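In: I would like to see how this sequence folds:
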Amino acid sequence: MIPYGRQHIDEEDIAAVVQVLQSDFLTQGPVVPAFEQRLAELSQVQFAIATNSATSALHVACLALGIGIGSRVWTSPLSFVASANCARYCGASVDFVDIEPDSGNLCISTLRQKLELARATETLPDVVIAVHLAGLSCDMQQLYHLSHEFGFRIIEDASHAVGGSYQGRPIGSCQYSDITIFSFHPVKIITTGEGGMALTNNPELAEQMQLLRSHGITRDETEMTEPSHGAWYYQQLQLGFNYRMTDLQAALGLSQSNRLADFIAKRQQLAARYHQLLSQLPLDTPEVPADSVSSYHLYIIRLHDKARRKSVFDAMRAAGIGVNVHYIPIHTQPYYQQLGFDWGDLPQAELFYERIISLPMFPELTESEQDHVVATLSKALA
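Out: Numbers count the residues shown, from 1 in each chain. A predicted model of the protein is given here:
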């Protein structure tokens, strides 16, 4: 089976993890801060806070921005459920903004219309979570302008987008957002096994997220409510969580980060080859604006005939090609239907879902495997 995504682990990765196994620290040692510093440098951002998953990072990001009961968070329906669940964990209400029909990213013109209606009813969002689907950045500059006009904060869910760029700067620089979130799941661009990271240029947000990821506990005497009792002493300042990344995970991520540029270059090469090989088939391939570089976490095609999606999907799987679909619109999930959402609410997202298939995309995909993918797809469409 050729999977849709696969991690790339080499001997240097293994050696880095073994070195931690042989050290004094398996968790809460020196490697997590080193990994954070490395990602901050790569992303051209001031602070990076590693967590045990991107979902955890999204959760603490929402909390750091003051999201709670009575808050309103808007996001894209075309994402994994964590992009919306993080707000629900905080007790906030969630709403969705329909997508652009080509990129699958949040539609800025639709967002403006929705914001104008919300202003009239005094139901503006506190936070908008912009999802960079498949590794392509949303139009962050326009979103940033809207945030100032309508008074909301911005989280970039860049779980797919480590190594991508927008307007010449790395995704993660937070040029147009308060916080950016990365994922290091095995099928993502680089992996820590499971893991995530929150990045920000705001020291107060960074301090809050660092506190929240570790039970709300501090050992910093300057933050304590009374003088320290001794070197053993700590205080719990608020209710936090066990969302820490281990040194084992960070060692793998730190090693992987040394090959980030190579991973992105290979994905770019594979995407360009897919563009060429698929150009005569009845489908649309991803388009990337001139001001962006996609990390191509996913390579999503859109069939012209949505009625054929299931038969094509089944034929590909039967041929040993592990295609997938990213994503089922969040608002159609039973949990969100119980909150009042339903099919028909977000037509562009639903149409996008009905047409899409994710083809295999990972650095070790060979040209012969890619040829097999395209030949099988062509046969299934014939």
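
In: Give me the domain ranges for the protein.
Out: Using automatic domain parsing, the domains assigned to the chain come out as 2-257, 260-381.

In: Which residues outside the helix or strand in which residue 255 is found are in contact with it?
Out: Using DSSP states H and E, residue 255 maps to helix 247-257. Residues from elsewhere that reach helix 247-257, judged by Cβ atoms under 8 Å, 6 or more residues apart in numbering: 8-9, 12-13, 15-17, 19-21, 23, 25-32, 34-36, 38-39, 42, 50, 52, 184, 190-195. C-beta coordinates here come from the backbone N, C-alpha and C atoms, glycine included.

In: same thing but 6 Å
Out: Contacts to helix 247-257, defined as Cβ atoms under 6 Å, 6 or more residues apart in numbering, come from residues 12-13, 16-17, 20, 25-27, 29, 31-32, 34-35, 38, 184, 190, 192-193, 195.

In: Same check on stretch 74-94?
Out: Residues contacting stretch 74-94 (Cβ under 6 Å, 6+ apart): 55, 58-59, 62-63, 67-69, 71-73, 95-97, 99, 104, 106, 125, 128-129, 131, 133, 157, 327, 329-331, 346, 349.

In: Just the buried ones from those residues?
Out: 55, 58-59, 62-63, 67, 71-73, 95-97, 99, 104, 106, 125, 128-129, 131, 133, 157, 327, 329-331, 346, 349 (16 or more other Cβ atoms under 10 Å).

In: Give me the next element, helix or strand, following the helix holding residue 255.
Out: Next helix or strand after helix 247-257 toward the C-terminus (DSSP H and E): helix 260-277.

In: quick one: that next one to helix 247-257, angle?
Out: Using axes from the mean of the first three to the mean of the last three Cα atoms, to 10 degrees, the direction of helix 260-277 lies 60 degrees away from that of helix 247-257.

In: Going along the chain, name the helices of the stretch 101-250 of the chain.
Out: Taking DSSP state H, counting those that start in this stretch, the helices of the stretch 101-250 of the chain run over residues 108-120, 140-150, 203-212, 247-257.

In: Now do the second one, average pLDDT.
Out: Right, the one you point to is helix 140-150. In this model, helix 140-150 has an average pLDDT of 98.

In: list the buried ones in that helix?
Out: 140, 143, 146, 147, 150.

In: send the alpha carbons of it over as CSV?
Out: Output in CSV follows, covering the C-alpha atoms of helix 140-150 (Å, rounded to 0.1, in the frame of the first residue of the first chain):
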residue,chain,number,x,y,z
MET,A,140,-3.6,36.7,6.2
GLN,A,141,-3.0,40.3,5.4
GLN,A,142,-6.7,40.8,4.5
LEU,A,143,-7.7,38.9,7.6
TYR,A,144,-5.5,41.1,9.7
HIS,A,145,-7.1,44.2,8.3
LEU,A,146,-10.6,42.8,9.1
SER,A,147,-9.4,42.0,12.7
HIS,A,148,-8.6,45.6,13.3
GLU,A,149,-11.9,46.8,11.7
PHE,A,150,-14.1,44.4,13.6
